[in-house]
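>>> Give me a model of this one.
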Amino acid sequence: SNRNVLLSGPGIVHMAIDLKGDPAISGKRLPMNVALVIDRSGSMRGDKIEDARASARHFVSQLDPQDRIAIISYSDGVRVDLPSSKATKATKKSAIEAIAGIQSGGSTNLSGGLFRAQDEVERHLSAGQVNRVILMSDGLANRGLTDTKAISKRAQQTSQRGVTTTTMGVGTDYNEDLMTSLADHAGGNYYFIQESKQIANVFKEELRKMFATIAQNTVVEFTLEDGIDLKDLYGYTFTRQDGKVTVALSDIFGGQKRSILMAFEVPCLRAGTQSLSQVTLQFDDVNAGFKSQKALVSVDVAVTKDAALVESTRNRRVEERVGEVQVAQAVEKAADLVKSGNYGEAKRVLQRQRSHTAKRANGMGGSARLQEQIGVLDQLEVEFEAAEAAPASAPARASVKRAKANARKLKR
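Numbers count the residues shown, from 1 in each chain. The predicted structure is shown next:
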């Protein structure tokens, strides 16, 4: 946010690391090693299970013999409808038959379905392929392991061995905090699917991303210099050990953008150059035969008494990014307040953030990016007012899930 920091000032410096994947090579893709995990609890009855089956059938039809597919379904218990197998013509026929036999009824043993699917993928784990679990659910996990932190920890451990997990929440009754946490810890994507008829397009989008994978084992690492304290890292799970902060991004698809924003506290006791961090990007380049690539950037700042210099060297682009993330945090907080029935405080959170964002935008001479976020806050306030009028309705629950899903995207 600034290469110059004011002596005796607060010393807070923000740094944004922006990544963008090169375009995928047309017609060239990695083999898939995938397990589909389908919720067959009683709440899936009707259009949901019909649309889920149709979407799963189409997904299977897009695979080639080089790929592997497993079908897992769960309610009270867990069933392996199709063990992981090469996607030959015969296997795909068996998969279609297995999908047709998935009927709704019972409770929601989400963790059991997830863990069994991860085991199926891991049994055939190999470098040079996309190893992924795709988990669908429309309800609250009420059988097996139900604690969000415990399920996410297990998913993260599996991700560290190379199996990523994408989550799809269907309808308005599932636990979005669990589904987002799973995706965050397991290196996958998260989708909010309000209407079951949208499941097909989401499956197509996920498969498109998998087919366009251009980097694997992607890791960004920050080595903090002496005296530098990491105050926050937004939107991503990370590990920290011995002055090294590691963000695992797993697979990157062609054209994908990622932005990692951090806040550092710099000691401002004397003037002079202060090293901030060594930033390392590592990944296996799919288009270069999985050659390991590495890039290193050193970041430093200058502590100065010159307030005019500090003002003139502000990085507006990074400040806009800070403003966006602050909006995302406020939206998440307001959504949680609405979820708990505290509509008045939710409205105040949005209004305070609107005022703060407008002030930040005006201080930059007007910012189109931040003006867009002001519009988001205004629209959300209207939606939450409507939710207060009908708090138990599906549209009210959907507004909370949509707001949190959009906030997650903005932070990343």
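>>> Let me see the backbone angles for Leu7.
phi -60, psi 140 (degrees, to the nearest 10).
>>> Quick check: it vs Ser1, distance?
Distance, Leu7 to Ser1, using CB to CB, to the nearest Å: 17 Å. All C-beta spots, glycine's among them, are computed from the backbone N, C-alpha and C.
>>> Between those two, which has more neighbouring residues?
Shown here are Leu7 and Ser1; by other CB atoms under 10 Å, Ser1 has more neighbours (21 against 17).
>>> ok, that one - contacts?
Val13, His14, Met15, Arg314, Asn315, Val318, Glu319, Val322 (CB atoms under 8 Å, 6 or more residues apart in numbering).
>>> Can you dump the C-alpha atoms of the helix or strand hosting Val121 in CSV for me?
Assigned by DSSP states H and E, Val121 belongs to helix 110-123. Extracted C-alpha coordinates of helix 110-123, given in CSV (Å, rounded to 0.1, in the frame of the first residue of the first chain):
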residue,chain,number,x,y,z
LEU,A,110,-22.1,-35.6,5.3
SER,A,111,-18.8,-36.4,6.9
GLY,A,112,-19.1,-40.1,6.2
GLY,A,113,-19.8,-39.5,2.5
LEU,A,114,-17.0,-37.0,2.3
PHE,A,115,-14.4,-39.2,4.0
ARG,A,116,-15.3,-42.3,2.0
ALA,A,117,-15.0,-40.3,-1.3
GLN,A,118,-11.7,-38.9,-0.3
ASP,A,119,-10.5,-42.5,0.4
GLU,A,120,-11.7,-43.6,-3.0
VAL,A,121,-9.7,-40.8,-4.7
GLU,A,122,-6.7,-41.3,-2.6
ARG,A,123,-6.5,-45.0,-3.4
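>>> Return the distance of that helix from the chain's centre.
Relative to its chain's centre, helix 110-123 lies at 20 Å (CA atoms, centre = their mean, to the nearest Å).
>>> Quick check: what element follows that helix along the chain?
strand 130-137.
>>> and the angle from that next one to helix 110-123?
Taking axes from the mean of the first three to the mean of the last three CA atoms, to 10 degrees, one finds strand 130-137 and helix 110-123 inclined to each other by 160 degrees.
>>> Which elements pack onto strand 130-137?
strand 32-39, helix 110-123, strand 164-170, helix 176-185, helix 199-211 (3 or more CB pairs under 8 Å, 6 or more residues apart in numbering; DSSP states H and E).
>>> For these, give me a markdown table that also has mean neighbour count.
Shown next, in a markdown table, are the helices and strands packed on strand 130-137 (neighbours: other CB atoms under 10 Å):
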| stretch | mean neighbour count |
| --- | --- |
| strand 32-39 | 26 |
| helix 110-123 | 23 |
| strand 164-170 | 26 |
| helix 176-185 | 22 |
| helix 199-211 | 18 |
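>>> Kindly list the longest helix within the chain.
Identified as the longest helix of the chain according to DSSP state H is helix 316-339.
>>> and that helix, what's its mean pLDDT?
For helix 316-339, mean pLDDT rounds to 97.
>>> and it, what other elements does it pack with?
Using 3+ CB pairs under 8 Å, 6+ apart: helix 316-339 touches strand 12-20, strand 229-234, strand 257-265, helix 343-363, helix 368-389, helix 394-411.
>>> can you put those in CSV and add mean pLDDT?
Written out in CSV, the entries for the helices and strands packed on helix 316-339 read as follows (pLDDT from 0 to 100):
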stretch, mean pLDDT
strand 12-20, 96
strand 229-234, 95
strand 257-265, 96
helix 343-363, 96
helix 368-389, 95
helix 394-411, 95
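>>> Go through these and name the closest to Lys291.
Evaluated over the helices and strands packed on helix 316-339, closeness to Lys291 peaks at strand 12-20, with 17.9 Å, by CB to CB.
>>> How far away from the center of its chain is the closest one?
In terms of CA atoms, centre = their mean, the centre of strand 12-20 is found 17 Å from the chain centre.
>>> before we move on, what about stretch 212-223?
Worked out by CA atoms, centre = their mean, stretch 212-223 lies 15 Å from the chain centre.
>>> Pull that stretch out as CSV, backbone CA atoms only.
Extracted C-alpha coordinates of stretch 212-223, given in CSV (Å, rounded to 0.1, in the frame of the first residue of the first chain):
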residue,chain,number,x,y,z
ALA,A,212,-8.4,-26.2,-17.8
THR,A,213,-5.9,-27.0,-15.0
ILE,A,214,-2.5,-25.3,-15.8
ALA,A,215,-0.7,-25.5,-12.4
GLN,A,216,-0.7,-27.9,-9.5
ASN,A,217,0.7,-27.9,-6.0
THR,A,218,0.6,-24.1,-6.1
VAL,A,219,2.1,-22.5,-2.9
VAL,A,220,2.7,-18.9,-1.9
GLU,A,221,5.1,-18.5,1.0
PHE,A,222,6.1,-15.4,2.9
THR,A,223,9.2,-15.3,5.0
